[in-house]
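Visitor: the sequence and its predicted three-dimensional model are supplied below.
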Amino acid sequence: MLAGLIFVYAASSVFALERFGSPFYFLKKQLFGLGIGIIGIIAVQALSLPLLKKLSPLFFLVSLLATALTLLSSFGQRIHGSSRWISLAGFSAQPSELLKISFIIYFAYVLSKKRYKYSFLSGYLPVILIVLIPGLILLRQPDFGLSVTLCVTAIVMMSFAQFQNSAYHANHCIAYSRRCNFNMAQALSPAASHDFYGPLAGS
């Protein structure tokens, strides 16, 4: 962090002095952002996992609405043809940065709830909407890179969730088959242990 502050001051002091009358203008803004970040880290670490799960929908909704506000001319700032920044009370922020974090937390929470549901309305449709709505808002800014990043992140998280789901069902099949047929349990053991090559001969 100290090195980053030094680099910010070295790169911006002359321009800040000419434009704003103080060589520390951008350094002060960086320190302010750093302070907010440290407070955020401390606040998140103080949250318990059950409380974080309960707050994840609200966190996602707030960051999503803030990102959508960038599309309104009264709130959004268009820079280099893109409306990614929001200006309120003299402060500027990029809400899509918060959307990255809230999306991962909320999407993980949703996948944990939908883990064993395979119907389209209660299982797949909510997951699709959680990815589709932020993606459309980001494309309107436009921010194609972040929209693709969220989609890829969702695919990877869904893949891991499905993999764990398969292992869960395999373990339950093993528990049942051991009561009925020992050979069936031996055949399913590699799937439950994620070892798809099976036991070695003679083991």
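Guide: In hand now; what should we look at?

Visitor: walk me through the domains of the chain.
Guide: 1-46, 49-192 (automatic domain parsing).

Visitor: doesn't Ser92 make contact with Pro79?
Guide: Residue 79: Ile, not Pro. No: contact criterion C-beta atoms under 8 Å: Ile79 and Ser92 do not qualify, at 9.6 Å. Quick note: C-beta positions are derived from backbone N, CA and C, even for glycine.

Visitor: where do the contact lists of those two overlap?
Guide: Residues touching both Ile79 and Ser92 (C-beta atoms under 8 Å, 6 or more residues apart in numbering): Trp85.

Visitor: name the residues of the longest strand belonging to the chain that are buried.
Guide: Ranked by residue count, the top strand of the chain under DSSP state E comes out as strand 82-88. Neighbour-count burial for strand 82-88 flags Ser83, Arg84, Trp85, Ile86 (criterion: 16 or more other C-beta atoms under 10 Å).

Visitor: show me the contacts for Met158.
Guide: With C-beta under 8 Å, 6+ apart, Met158 has these contacts: Leu111, Val127.

Visitor: what about it, which helix or strand?
Guide: Assessed by DSSP states H and E, Met158 sits inside helix 144-180.

Visitor: ok, and what's touching the helix or strand that Phe103 is a member of?
Guide: Following DSSP H and E, the helix or strand that holds Phe103 is helix 95-113. By C-beta under 8 Å, 6+ apart, the residues outside helix 95-113 that reach it are 52-53, 56-57, 59-60, 62-64, 66-67, 69-70, 84, 86, 126-127, 130-131, 134, 138, 141, 143, 146, 149-150, 153-154, 157-158, 161.

Visitor: one more time with 7 Å
Guide: The contact list for helix 95-113 (C-beta atoms under 7 Å, 6 or more residues apart in numbering) reads 52-53, 56-57, 59-60, 63-64, 66-67, 70, 84, 86, 126-127, 130, 134, 138, 143, 146, 150, 153-154, 157-158, 161.

Visitor: right, and the helix or strand after it?
Guide: Heading C-terminal from helix 95-113 (DSSP H and E), you reach helix 125-140.

Visitor: that following helix: which residues count as buried?
Guide: Buried residues in helix 125-140 (16+ other C-beta under 10 Å): Val127, Ile130, Val131, Pro134, Gly135, Ile137, Leu138.
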